[in-house]
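> attaching a predicted model along with its sequence, questions to come.
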Amino acid sequence: MKEIAHKVRGTLYLATYEHKHGIDYSLHTTHEGAKAWVDSVAEDWRGSFIDTGTPEEMMTSSELADNWHNVSAGTEFLNIIELELQK
């Protein structure tokens, strides 16, 4: 695999999905991009944690991601970490 290096200034956003098998990472140049990734993870796993007829079933992907710790009974976490780089 070829290594790619870039000079980046400003801020990057590290989105993480912590689960029983480890941690998945996704790096973004905007908070919106990181939030979209976190929301998509919550949507992808919705069926594994949400039963039909529950209030959580009606949540948007964003609401689900924001409440993922509770939805997963405290076993999984979705986070966005802001990383300030060189000025």
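Now that the structure is in, tell me what you want to look at. Everything numeric here is computed off the predicted structure, so don't read it as measured data. Numbering: from 1, shown residues only.
> tell me which stretches of this structure form helices.
Here the chain has its helices, by DSSP state H, at 31-49, 61-66, 68-71.
> remind me what the longest one packs against, helices and strands.
If you count contacts as 3 or more C-beta pairs under 8 Å, 6 or more residues apart in numbering; DSSP states H and E, helix 31-49 packs onto strand 11-19, strand 22-28, helix 61-66, helix 68-71, strand 77-84. Where C-beta positions appear, they are placed from N, C-alpha and C, glycine not excepted.
> one step back: now render the helices of the chain as a markdown table, adding mean neighbour count.
Converted to a markdown table, the helices of the chain look like this (neighbours: other C-beta atoms under 10 Å):
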| stretch | mean neighbour count |
| --- | --- |
| helix 31-49 | 17 |
| helix 61-66 | 18 |
| helix 68-71 | 18 |
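> so which of those helices is nearest Thr11?
Checking these against Thr11 by C-beta to C-beta gives helix 31-49 as the closest, at 8.3 Å.
> what residues does that closest one touch?
With C-beta atoms under 8 Å, 6 or more residues apart in numbering as the test, helix 31-49 has contacts from 13-15, 17, 24, 26, 28, 56, 61-62, 64-65, 68, 71-72, 78-80, 82.
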